[in-house]
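> I would like to see how this sequence folds:
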Amino acid sequence: MAAADSPSDALRRRDLCSRGIRLAGKMRSDVVDLLDTYVERQGLDASASVAAVEGVPAAATEHWDEQTGTQRLLENLAAYRAFRTLLAQMLEDQQEQLGEADAALGQALAAVLLQVSAFAYHLEELLRLESLGPPSEEAAGPTSLSDLSLFERKLRGLGVLRELAQWAVRSARDLRQLTKPSPGTSLAPSPAESP
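Have a look, this model is predicted:
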């Protein structure tokens, strides 16, 4: 019997998913508040069109219902690891741009960065529970912001926050899907899928 099949692991998975859903909901709420503050403090139009942000997988997926639980977790983990890097860049840029002049925005960015880091750790725990372990983080260096104008960096930040809000919704949906007791959502491969 696989470790994922034991009753204690099933309860732990359900508990981790429930806590993850609450974390994702709180994170989305905080990101939406941060988006409002960011738009206001950066002097941006809330309806500004922003291109996809390099390095961030889009939250939307065409074949969401065909994904396995493991695929969902791995995509979420990759996205939150990317967000951790992007938010750290935004925070550094914000501090260079405004210094202490806008401490509230810096604190809000730092708080969301902490939530993203905690959520990534939470996803790693779910993967460990499945005896998969999280994949190692690729040491891709952060994209240089020095080539971007101030306005382009502001728009990039807006895009990062918008996509993070979408990922928080998707993450809650993915975790809800993982708690459903159907064969298609099992994180562990079925005996027929095993090599």
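> correct me, but Ser117 touches Arg84?
Yes. With contact defined as Cβ atoms under 8 Å, Ser117 counts as touching Arg84 (5.6 Å). C-beta: built from backbone N, CA, C; applies to glycine.
> let me see the contact set for the residue lying closest to Leu35 once chain neighbours are set aside.
Spatial nearest neighbour of Leu35, chain neighbours left out: Leu161 (4.9 Å); criterion: Cβ to Cβ, 6 or more residues apart in numbering. Contact analysis of Leu161 by Cβ atoms under 8 Å, 6 or more residues apart in numbering lists Val31, Leu34, Leu35, Tyr38.
> wait, which of those residues is closest to Asn76?
Val31 (15.2 Å; Cβ to Cβ).
> pull the number of nearby residues for that closest one.
Residues near Val31, counting by other Cβ atoms under 10 Å, number 26.
> how far away is it from Leu164?
Going from Val31 to Leu164 by Cβ to Cβ, to the nearest Å gives 5 Å.
> got any ranges where the protein has weak pLDDT?
1-5, 98-101, 133, 138-146, 181-195 (pLDDT under 70).
> which element is the residue nearest the centre of it on?
With distances taken as Cα atoms, centre = their mean, the residue of the chain nearest its centroid is Tyr80 (3.3 Å). Assigned by DSSP states H and E, Tyr80 belongs to helix 69-98.
> can you give me the buried ones in that helix?
69-70, 72-91, 93-95 (16 or more other Cβ atoms under 10 Å).
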